[in-house]
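K.L.:
need a 3D model of the following:
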Amino acid sequence: MAHKKTRFARNFSLPELRRKGQHSIRSFTRKELASFLSLFCVAFVTLIWMLGILNSEVSTNVPIHGGKLQEGIIGTPRFVNPVLAVSDADKDLTSLVYSGLMRLDTGGIPTPDLADSYSVSPDGKTYTFIIKDTAIFHNRNKVTSDDVVYTINQIQHPLIDSPKKAAWQGISVTKIDEMTVVFNLKQPYSPFLELVTIGIMPANLWSNLSPEEFAFSALNINAIGSGPYKISSVNRNSSGIADEFILSPFNKYIGGKPFISKLAIRSYANERELGNALTSRNIDIASGLSPERTKVLADKGMAIDIRELPRIFGLFMNKNQNPIFNDPIVVQAVKQSINRQQIIDTVLYGYGAPISGPVPAIFLGSSDDDSNALHQDATQMLDQAGWKVGAGGIRSKTDTKAKTTTSLSFAITTADTPELVATADILKQNLEAVGFSVEVKIYSLGDLNQDIIRPRNYDALLFGEYVTNTGSLYSFWHSSQTSDPGLNVAMYKSSVVDKALTDVLASANPEKRRAGLQIIQSDIEKNAPVAFIYSPLYIEARRSHVQGQSATSGIVLSSDRFRDIASWFIETEKVWNAFIKK
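P.N.:
Predicted coordinates for the structure are as follows:
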């Protein structure tokens, strides 16, 4: 048996097989060798192809850490500081570097960030937050209740001019223990969880500064927070102004280490320079663009992304200044005469949505636009109401008892921005076509606010409202806000709207809040002396594809686009499905 086993092993040894194979190949004719090699190549390619198919069937592209993203912004950040951030450039950097007790998810819903948990008292006036034990700042110091109390105290400090001070009036903050903090409100305020998305500052780095030194600290540029990215370096131009921030992912970010390994935020003076940087490949993304600049970039092949934006533009009619607006038929005729789609196509190059009410669609949870489908002919309405066409095509109406004649004549007042000026010109054309006489008055934004809006010195104001949350609606539409410093520029008073606004602010129930918003929308759309026109879109142009971005809704600030920055990625690798964590 041993002899047979040895022969078996010898007959099938690798050297023996190699020699026999070489001998067989040498015995091939040239034609046979060519056929053999061809068959071998086909078999090899087929094997590779089948393995590739098998690999694609059992594997998935997954994001990996790496890659570089260069984003351009307009303006230079001065305050990478949640207490002082005022410009879009400030807020962009602040949102990347800092994190708050809560954050807004991609749907605009508050969700815990630094907070491990929170509770609300039955009366809606007390909020208690417990901070995560794992929450730390970029300098590896632990985030504690002292940091939260310090941040809110700086917002409320009388000598620190924080743009957020008004929102925090009447709110007290108290440390319970190292990781527990309590907020007490004078009255229920349903958007409060949105307030505590404010970035938390490291008290130990800032507390030695006096209020006078606060705005001049180097930490306003070389900021340290607990957000997804930390500042690695700051580049300055020849004037010493910081115009590029290089950021790297924070490994200990509470939401997980971001995938993109290098994030460059570069400043540009204006949209033209920003657009040129994109087309010349100096940046990958440009955000917050005007429709006009977007059209130029789209024509050059840039990819365009759009999102809803809660800005409301309308014509606010002042019956205290011009008595024609006391006639509800006149107000309705103005509303129905406006060609909203013409304005969107001509002024916004299609980057907008027609609207018919004051509540942004993102708050209602549905599209607002029924503005082009419901209206009776304005000419017919005015005819039936006795407004007759006279000299020059201008309508007028005579009161036989008072022996007075009133013409349909008024002025549209607006700011000297190209978009509003162009819109005013189209409104003039639309209204004059049905018998109005319209004058357009243009003011600088500063003069408009000081000399026109504050004293309510206008027949009709073409202007926009930025509805950041339901609290903004109170400022714009409650009866108590009709005089300066209130923002109810329509000077509309309605007990129905007042009650609905109060209920919306006090209720924590999303369905009740939505029902209240529908009441506000319906009442103002039907009765207020306002012709709502359009809501612009938030526009982003890019030349490279960043993956992992969600279709973020509810964008209020430009910086909201970074809500899910930790999940963005550029580089991927193939991983077999069996090895992917589920």
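K.L.:
what's in contact with stretch 213-223?
P.N.:
Residues from elsewhere that reach stretch 213-223 (CB atoms under 8 Å, 6 or more residues apart in numbering): 77-81, 83-84, 93-94, 97-98, 154, 160, 205-206, 209, 231, 234, 242. C-beta coordinates here come from the backbone N, C-alpha and C atoms, glycine included.
K.L.:
helix, strand or coil: sort out the nearest residue to Pro358 once chain neighbours are set aside for me.
P.N.:
For Pro358, ignoring the flanking residues on the chain, the nearest one in space by CB to CB, 6 or more residues apart in numbering is Ile524 at 5.1 Å. Of the three states, Ile524 takes helix under DSSP: H, G, I helix; E, B strand; the rest coil.
K.L.:
show me where this structure dips below the pLDDT cut-off.
P.N.:
Along the chain, segments meeting pLDDT under 70 span 1-28, 32-33, 36, 47, 49-59, 366-376, 551-554, 574-582.
K.L.:
tell me the domain ranges of it?
P.N.:
Domain assignment for the chain by automatic domain parsing gives 68-266, 311-537.
K.L.:
can you lay out those domains as JSON lines showing mean neighbour count?
P.N.:
Output for the domains of the chain, formatted as JSON lines (neighbours: other CB atoms under 10 Å):
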{"stretch": "domain 68-266", "mean neighbour count": "18"}
{"stretch": "domain 311-537", "mean neighbour count": "18"}
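K.L.:
ok, which of these comes nearest Ser38?
P.N.:
When the domains of the chain are compared by CB to CB, domain 68-266 sits nearest Ser38, at 45.9 Å.
K.L.:
end to end, how far does that closest one reach?
P.N.:
Distance between the two ends of domain 68-266: 13 Å, counting by CA to CA, to the nearest Å.
K.L.:
with stretch 100-118 instead?
P.N.:
13 Å.
K.L.:
can you check stretch 305-312 too?
P.N.:
Start and end residues of stretch 305-312 are separated by 20 Å (CA to CA).
K.L.:
returning to that earlier point: which of the domains of the chain sits closest to Val546?
P.N.:
Distance to Val546, taken as CB to CB, is lowest for domain 68-266 among the domains of the chain, at 6.3 Å.
K.L.:
surely the residue nearest to Pro358 and Tyr492 touch.
P.N.:
Yes. Assessed by CB atoms under 8 Å, Ile524 is found in contact with Tyr492 at 6.8 Å.
K.L.:
any common contacting residues for these two?
P.N.:
With CB under 8 Å, 6+ apart, Ile524 and Tyr492 have common neighbours Trp477, Val530.
K.L.:
ok so, going back, now the domains of the chain in a markdown table, with distance to Ile570?
P.N.:
Converted to a markdown table, those look like this (distance: least, CB to CB, whole Å):
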| stretch | distance to Ile570 |
| --- | --- |
| domain 68-266 | 6 |
| domain 311-537 | 26 |
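K.L.:
how about these, which one is nearest Gly548?
P.N.:
Closest to Gly548 of these is domain 68-266 (CB to CB; 7.0 Å).
K.L.:
tell me which of the contacts of stretch 213-223 fall in helices.
P.N.:
Among these, DSSP state H puts Leu93, Thr94, Val97, Gln154, Leu205, Trp206 in helices.
K.L.:
now for the helix or strand hosting Gln336, which elements pack on it?
P.N.:
Here Gln336, judged by DSSP states H and E, is contained in helix 328-337. On a contact count with 3 or more CB pairs under 8 Å, 6 or more residues apart in numbering; DSSP states H and E, helix 328-337 meets strand 311-317, helix 378-384, helix 418-432, strand 530-542.
K.L.:
all helices of the stretch 51-200 of the chain, in order?
P.N.:
All helices of the stretch 51-200 of the chain, identified by DSSP state H, counting those that start in this stretch, fall at 88-97, 145-156, 192-195.
K.L.:
so which of those gets nearest Ser396?
P.N.:
Minimum separation from Ser396 across the helices of the stretch 51-200 of the chain (CB to CB) falls at helix 88-97, 47.1 Å.
K.L.:
grab the CA positions of the closest one and hand them over as CSV.
P.N.:
What follows is helix 88-97, C-alpha atoms only, in CSV (Å, rounded to 0.1, in the frame of the first residue of the first chain):
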residue,chain,number,x,y,z
ASP,A,88,-25.3,84.8,6.5
ALA,A,89,-21.6,84.4,6.4
ASP,A,90,-21.4,84.4,10.2
LYS,A,91,-24.3,82.0,10.5
ASP,A,92,-22.8,79.6,7.9
LEU,A,93,-19.6,79.1,9.9
THR,A,94,-21.3,79.2,13.2
SER,A,95,-23.7,76.3,12.2
LEU,A,96,-20.7,74.2,11.3
VAL,A,97,-18.6,74.9,14.4
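K.L.:
fine, thanks again, bye for now.
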